[in-house]
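Engineer: Need a 3D model of the following:
(one chain, ligands or ions: 1)
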Amino acid sequence: MGLLTRDGHLLDLTLERYLAEDLAREARGDLELHLGACVACQERLEYLRSATMPLPDLSKLE
Ligand SMILES: [Zn+2]
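Structural biologist: Take a look at the predicted model:
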């Protein structure tokens, strides 16, 4: 489904969409299955999470 690189790891784009909660439930399940077994992708996810600007908290706006 295009979630993985050629060597079987998660694409940055896939991880970014995961962080943005923009993945279908089935795709998210596949991603989490891989993440649970792959330290390299866990580290990549943490890197992308830290590099991603947090979204503004709209609930605080009047
Ligand atoms: Zn991986």
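Engineer: Close to the ion: what parts of the protein are there?
Structural biologist: For the chain, the contact set with the ion under C-beta under 5 Å from the ion comprises H9, C38, A40, C41. Placement of C-beta: from N, CA and C, glycine included.
Engineer: Among the residues you listed, name the ones in helices.
Structural biologist: A40, C41 (DSSP state H).
Engineer: Let's see if you can find the most crowded of the residues of the chain next to the ion.
Structural biologist: Neighbour counts for those, by other C-beta atoms under 10 Å, peak at C41, which reaches 21 neighbours.
Engineer: how close does it sit to K60?
Structural biologist: Here C41 is placed at a distance of 33 Å from K60 (C-beta to C-beta, to the nearest Å).
Engineer: Could you report the separation of the residue nearest to the spatial centre of the chain from K60?
Structural biologist: With the centre of the chain defined as its mean C-alpha position, the nearest residue by C-alpha atoms, centre = their mean is L15, 2.5 Å away. Distance, L15 to K60, by C-beta to C-beta: 27 Å.
Engineer: got it, and H34?
Structural biologist: H34 sits 35 Å away from K60, going by C-beta to C-beta.
Engineer: Settle it for me: which of those two has more neighbours?
Structural biologist: H34 (17 against 6).
Engineer: Now stretch 27-34: buried residues?
Structural biologist: Under the neighbour-count criterion of 16 or more other C-beta atoms under 10 Å, stretch 27-34 has A27, R28, D30, L31, H34 buried.
Engineer: Ramachandran angles for T14?
Structural biologist: phi -70, psi -40 (degrees, to the nearest 10).
Engineer: Local confidence estimate at it?
Structural biologist: The model reports T14 with a pLDDT of 93.
Engineer: How about the one 10 residues further on?
Structural biologist: The predicted local distance difference test score for A24 is 93.
Engineer: can you list contacts of stretch 37-51?
Structural biologist: H9, L10, D12, L15, E16, Y18, L19, H34, L35 (C-beta atoms under 8 Å, 6 or more residues apart in numbering).
Engineer: Let me fix that, I meant to ask about stretch 14-23.
Structural biologist: L3, L4, A27, R28, L31, C41, R44, L45, L48, R49, T52.
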